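Trainee: Got a sequence here, can you build the structure:
(4 chains)
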2 protein chains.
Amino acid sequence: MTKKPDLSAQIAKDIRDSILSGALIVDERLPSEAELSDQFNVSRPTVREALKRLAAQNLIRTQRGATGGAFVKRLRYEDAYAHHITTSTLLVSMNDVSFETACEARFALERACAPLSATRRTPDHLATMRAEIHRQQQPGLSDERFCDSDVAFHRALVDGADNPVLSYQLAGAVEAMQPLMNMITFTARSREQIITLHTRIADALDAHDAAQADHALSELTEYTLLLGKEAMAERAKQA
Amino acid sequence: MTKKPDLSAQIAKDIRDSILSGALIVDERLPSEAELSDQFNVSRPTVREALKRLAAQNLIRTQRGATGGAFVKRLRYEDAYAHHITTSTLLVSMNDVSFETACEARFALERACAPLSATRRTPDHLATMRAEIHRQQQPGLSDERFCDSDVAFHRALVDGADNPVLSYQLAGAVEAMQPLMNMITFTARSREQIITLHTRIADALDAHDAAQADHALSELTEYTLLLGKEAMAERAKQA
DNA sequence: CTTCTATTTAATGTCAGACAATTGATGCTA
DNA sequence: TAGCATCAATTGTCTGACATTAAATAGAAG
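Mentor: This is a model prediction of the structure:
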């Protein structure tokens, strides 16, 4: 039952808890590395390792110079996004999540956004969606670019709900699917099908028609699952 | 436009990219700290800071001893959960996300799970939900405990969908709301109301009735928003 | 020959002290 | 007052050492 002491991890946990509990507030300066090593009775390198751990989690930022030091960082969506996406992607790839599971999660969440997006989408969101649809129609587009555009389209849909919490959680599900989507070979016919559905979705949001959007998204879910199943079968045959 | 070099951050990025790209696979051993300091032409403490960053992101684990070293870590849901939840919580609290926004996100996502949960929930999930409902009826229960039970109830609902990706993304939205929920004072009457809706949800899932579950969840959303609005008004009055 | 034990060894964990680089603050000068 | 040089505090980095851990190995006992 003896735990594994790891001073830098313990110290990081201590400070992290202080931030989480509100004992340390945003932009507050932590004691200097020298002071911390006194307080915790460890050497400066050990304190530094702890601080680097916190920095990796976007909990603090450091600044050099006379008035420098480590400061509690206001966690921004942009910073959290990158982390969230890589974690989600790794979770999917390292735990052998099936195409079906990832696909189901993604579209279930997107359908949760659709009604809100139908109400709140701005002309800007619609313009982005139309632009991506247009891009998807380009003849020489590689499969990978097609996927990129697909993600951009869906991101606009989600952002149309104008709820940053939703956007954040969704980003993980949408981006985590991309590696799986990239395993699909999109034929001209399947692209056409997808673009038709994208257009129906954009039209529905344009018309503030949540039911239509939901219906088109449902069809898109089914179709994507079918494409995935085909791609997996193809892959299995080659092995 | 001069960037800020920060060797340990750069090295961490290098290694992280190698993991993300698949150049380093799960359980593969990284070079020793001494070898890494040679490769990157930096000192061992700098390498260590980089490795600690990666460890904080659950990307590697380290092991002491003769055959020890740093190994690419299989990212587990349990590990990712804790990180995801603290990040989501901080995002909400540090960016002044309103009760309405967080609540809307949470219930929109839960409603996305409900149809799946109506199909797949096991007797185990139902039992958990019933147990939490029972707990919520206890007379002396503190508001905080009531919230805990509420979270547990909804977690069971989400887990009933039997989709780990969904559960993961949802956990962030549900847990991030807890601090906001804790600002609410639950009267006997409001608890009764919530318990009634929880019972309707459990009954609906029991009967595989997705429409009923959705309807009850919709009512619960409205009611929670109302409670939140009252709590915020109360709070504003006192200030 | 097998089994247990002691030793070796390679790795991470920690420490101490030093110097470099950065940057706001201070004080001097014109 | 404005501009400039200096100072001081702090993080960033390096060197070298020792402590701790745990597998592998060699040796002793049965």
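
Trainee: list the contacts for A:R155?
Mentor: Contacts were defined as Cβ atoms under 8 Å, 6 or more residues apart in numbering or on different chains; by that measure A:R155 touches A:S167, A:A171, A:V174. The C-beta positions use only the backbone N, C-alpha and C, and glycine is treated the same way.

Trainee: Name the nearest residue to A:K73, ignoring sequence neighbours.
Mentor: Nearest non-adjacent residue to A:K73, counting by Cβ to Cβ, 6 or more residues apart in numbering or on different chains: A:R61, 4.5 Å away.

Trainee: The one you found bridge partners, please.
Mentor: A:F71 (DSSP bridges).

Trainee: tell me the pLDDT at it?
Mentor: We have a pLDDT of 97 for A:R61.

Trainee: So what's the residue count around it?
Mentor: 15 (other Cβ atoms under 10 Å in any protein chain shown).

Trainee: residues in contact with it?
Mentor: With the criterion set at Cβ under 8 Å, 6+ apart, A:R61 makes contact with A:A55, A:A70, A:F71, A:K73.

Trainee: Touching, the third one and A:L24? I think so.
Mentor: The reference is to A:F71. No - using Cβ atoms under 8 Å, A:F71 makes no contact with A:L24, being 9.5 Å away.

Trainee: Which member of the contacts of A:R155 is positioned nearest B:M183?
Mentor: Closest approach between the contacts of A:R155 and B:M183, by Cβ to Cβ: A:S167, at 23.9 Å.

Trainee: Remind me which helix or strand that closest one belongs to.
Mentor: helix A:164-176 (DSSP states H and E).

Trainee: So which residues make contact with stretch A:208-226?
Mentor: A:99-100, A:103-104, A:107, A:110-111, A:114-115, A:117-119, A:190, A:193-194, A:197-198, A:200-201, A:203-205.

Trainee: Flag every buried residue along it.
Mentor: A:A210, A:Q212, A:A213, A:D214, A:H215, A:A216, A:L217, A:L220, A:T221, A:T224 (16 or more other Cβ atoms under 10 Å in any protein chain shown).

Trainee: Distance-wise, check the residue nearest to A:K73 relative to A:L75.
Mentor: Here A:R61 is placed at a distance of 11 Å from A:L75 (Cβ to Cβ, to the nearest Å).

Trainee: now A:A211
Mentor: Counting by Cβ to Cβ, the gap from A:A211 to A:L75 is 37 Å.

Trainee: And for A:L90?
Mentor: For A:L90 relative to A:L75 (Cβ to Cβ), the value is 20 Å.

Trainee: What are the buried residues along stretch A:143-161?
Mentor: A:146-161.

Trainee: Among those residues, which lie within helices?
Mentor: Assigned to helices by DSSP state H, the following of those qualify: A:146-159.

Trainee: ok, which stretches of chain A are strands?
Mentor: A:60-63, A:69-72 (DSSP state E).

Trainee: Tell me which of these lies nearest to A:A82.
Mentor: So among the strands of chain A, strand A:60-63 is nearest, using Cβ to Cβ, at 15.3 Å.

Trainee: May I have the closest one exported as CSV, CA atoms only?
Mentor: What follows is strand A:60-63, C-alpha atoms only, in CSV (Å, rounded to 0.1, in the frame of the first residue of the first chain):
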residue,chain,number,x,y,z
ILE,A,60,0.1,28.7,-14.9
ARG,A,61,2.3,30.8,-17.1
THR,A,62,5.7,32.0,-16.3
GLN,A,63,7.5,35.2,-17.0
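
Trainee: Which members of the contacts of A:R155 are classed as buried?
Mentor: A:S167, A:A171, A:V174.

Trainee: Those into TSV, with extra columns for pLDDT and distance to DNA strand D?
Mentor: Shown next, in TSV, are the buried ones among the contacts of A:R155 (pLDDT from 0 to 100; distance: Cβ to the nearest atom of the strand, whole Å):
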residue	pLDDT	distance to DNA strand D
A:S167	95	31
A:A171	93	29
A:V174	92	34
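
Trainee: Please convert those to CSV, extending it with distance to A:G228.
Mentor: Listed next are these as CSV, based on distance: Cβ to Cβ, whole Å:
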residue, distance to A:G228
A:S167, 24
A:A171, 20
A:V174, 15
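
Trainee: and the helix of greatest length in chain A, how far out from the chain's middle?
Mentor: For chain A, the helix with the greatest residue count under DSSP H is helix A:210-238. Centre-to-centre, helix A:210-238 and its host chain are 21 Å apart (Cα atoms, centre = their mean, to the nearest Å).
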